[in-house]
Every structure is written in structure tokens, then in C-alpha cells.
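**Q** Below are the sequence and a predicted model; questions follow.
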Amino acid sequence: MNVAVVQMTSVNHVESNEAIVREALRQIESKSVGLVVFPENVWFLRLADGEPLPDFSSAVKFHKVIQDWVEKNDCAVVFGAVPVASKVKTGSKPFSATVVFEPGKDWHVPYTKVHLFDVDVTGHKPVRESDHLSRGEGPRIWEYRGWKFGCAICYDVRFAELFSHYAAPAVDALFLPSAFLVPTGRQHWEILVRARAIESQVYMLAPAQSGDHVDQTGRVTSVRKTYGRSMIIDPWGRILASAQAERSGTEVLYAELSREEILKVRVQIPMKDHRRLLPAGGLAGVDLKGKEA
């Protein structure tokens, strides 16, 4: 399968982001790809404290634009993470949701972000995603044209146990749409993304936000910065394509996913046969010989 991964610089203005998406799709439509993946916050990037999150479910006209493009080009489009209101709890905080458009189907949500980014990184103001987002509902696999994709979003990458859920049923690829901060991006981004591909023996599609995100409302004077360096990684951990780091603008990466390459890696190092998952309590209740205490 030929895929495209889009790096971009979203803002807190829906129409501006929709224009960026449409332009990226215009660039991609001549490339004969079967799947396009956009980063976290592709449709709206919250910049001002207290700024309400718009519900992606309400963007009916934009949905039609994307669905028309999907049908015309016979290609699925994945929005890495957008705010989607709960259909069960009225008035609750929205989810950070991966949204998929694919030929012949209505748009749908295969995954909602499990690990919310509540941190205090030195050199950056505290971030509390849980103040405006609800926690997601667990690991999910999206199947498309015979390929299995494990879903994750940004901060999820730090939790290896999530990816163990995807390695056990042997997914073919992982999504990791992100908006990494610059300090953590410089130190951790490439290491974590490549490690997850290696340990899961899958392709990693990691589109990211990048550059200076300038407020469009006039309420915020500071500029949010994200790291960028979107990547496509193969099951051996090699970087097939990568984008610029800390640079504003749109950049599209392309690669071909090969089932033969996945099989080749798994035959050389048969991790699935060797994997021994710990009990739910970790090492608690297990003696040094590996037996239950």
C-alpha cells in the first residue's frame, strides 16, 4: 500500500486548517496513494486558555468535501486527532478522536486518546489536557483493505503496554499522529517512534504538527511551538521518510508499505513466538524464578 503522511502547522481557526487540508490533498491526489494520515489537532489546535473546543461532528460541509475526495481518489483519509463530543454523555468533555474517511462508508471514530497529556515540562507552561478532554476507551484496531492498523495519539507513545496490545494480534502498522512540544521532541521523539516500530515489528506512520502556531483570535500574544519531524518508519526501525523539525508549513511524506518486509523482519526475529506478557499486576506476586509467589 502506498501511503502519504502530512506534516502541518495548525491554528485555532477551523477554516484556516480546512484550507491547509484541502491544499495538501490537492498535492497528494496525483500520487496514487491508498491512505493519507494527518497529525493530531489537524482541524483545530487550542492555543488560548479556556478556549472552547469545536465539535468536529458539526463540520458537515467539510465532511462532504473530504468524503467526495475519498470517493474520487479511492483513498482513505485519517485525521489523527480532532475533538469529537460524546454521543452518550451530553455536556461532557469531548474526546481527542482519530477520525477515518474511507470509500463507501460514513466517517467514523476507530480510537479515542487513552493517555491525556497532563505534564509540567521545564521551559514550557504546564499542560492539562484532562481539563478539556475526556480520556479514551482503550486500544483499537482499524482494518482497511486487509491491513490492520493499531491506533495511538501523541503522548500514548510513552506507554509501551498500549503497543503490546497491538503486537500480540500482529497488526501491520501503527498510527501516531502527534503535536510534540519542542523540548521533548528534541530529546525523545525519534527514539520513541522508532522503538515502538521495532518492538512491534510494524510500520509506524507518525505525522506531526511543526513550527510556530500563531493565535487567530487576538486573545493570545504568545506563540505555541511544536517539534515536527514527521516520520514513516519500517518494521526494522529504518526511517523511510522524514520531515523538517521546528519548521512551519506543510510537508508531505510518501512511502510504500510492504507485507513482504513485515514478514521478513518477523521471520528473522520471531518475537511473537517469544513474547511473555507479565500478569496485570506487573512483577507483584512473581518470585525471582518467574513463578507465582
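**A** In hand now; what should we look at? Just so you know, these numbers come straight off a predicted model, no measurement behind them.
**Q** wait, doesn't S57 sit right on A85?
**A** Yes. At 6.1 Å, S57 counts as touching A85 under the criterion of Cβ atoms under 8 Å. In short, each C-beta sits where N, CA and C put it, glycine included.
**Q** got any ranges where this structure has weak pLDDT?
**A** Filtered on pLDDT under 70, the chain yields the residue ranges 88-91, 123-124, 220-222, 277-293.
**Q** The longest strand belonging to it pairs with which strands?
**A** In the chain, assigned by DSSP state E, the strand with the most residues is strand 76-84. Sheet pairing for strand 76-84, assigned by DSSP bridges, gives strand 35-40 (parallel), strand 95-101 (antiparallel).
**Q** of all those strands, which gets the most neighbours per residue?
**A** Mean neighbour counts were taken over the strands paired with strand 76-84 using mean count of other Cβ atoms under 10 Å, and the top value, a mean of 27, falls to strand 35-40.
**Q** Report the distance from it to the chain centre.
**A** Computed by Cα atoms, centre = their mean, to the nearest Å, the chain-centroid distance of strand 35-40 equals 7 Å.
**Q** for the stretch 1-150 of the chain, what spans make up the strands?
**A** Shown for the stretch 1-150 of the chain, the strands assigned by DSSP state E, counting those that start in this stretch span residues 2-7, 35-40, 76-84, 95-101, 108-112, 118-119, 127-128, 141-144, 147-151.
**Q** among those strands, which is the most enclosed?
**A** A comparison of those by mean neighbour count, using mean count of other Cβ under 10 Å, puts strand 35-40 on top with a mean of 27.
**Q** what angle separates it from strand 2-7?
**A** Using axes from the mean of the first three to the mean of the last three Cα atoms, to 10 degrees, the direction of strand 35-40 lies 20 degrees away from that of strand 2-7.
**Q** tally of neighbours for P169?
**A** Neighbourhood size, P169 [other Cβ atoms under 10 Å]: 11.
**Q** And for E18?
**A** E18 is flanked by 18 other residues according to other Cβ under 10 Å.
**Q** Just give the closest residue to it, not the sequence neighbours.
**A** F62 (5.3 Å; Cβ to Cβ, 6 or more residues apart in numbering).
**Q** Could you report the neighbour count for that neighbour?
**A** Counted with other Cβ under 10 Å, F62 comes out at 17.
**Q** How about A255?
**A** If you count neighbours by other Cβ under 10 Å, A255 ends up with 20.
**Q** so who does it touch?
**A** Going by Cβ atoms under 8 Å, 6 or more residues apart in numbering, A255 touches N2, V3, V5, Y203, I232, L240, A241.
**Q** How about V78?
**A** With contact taken as Cβ under 8 Å, 6+ apart, V78 is in contact with L35, V36, V37, F38, T98, V99, V100, F101, F175, P177.
**Q** Let me know the closest of these to S248.
**A** Using Cβ to Cβ, F38 comes nearest to S248 of the contacts of V78, at 16.1 Å.
**Q** For that closest one, name its beta-bridge partners.
**A** When bridges are called by DSSP bridges, F38 pairs up with F79.
**Q** Please look at it and P177 and confirm they touch.
**A** Yes. Counting by Cβ under 8 Å, F38 does reach P177; the two are 6.8 Å apart.
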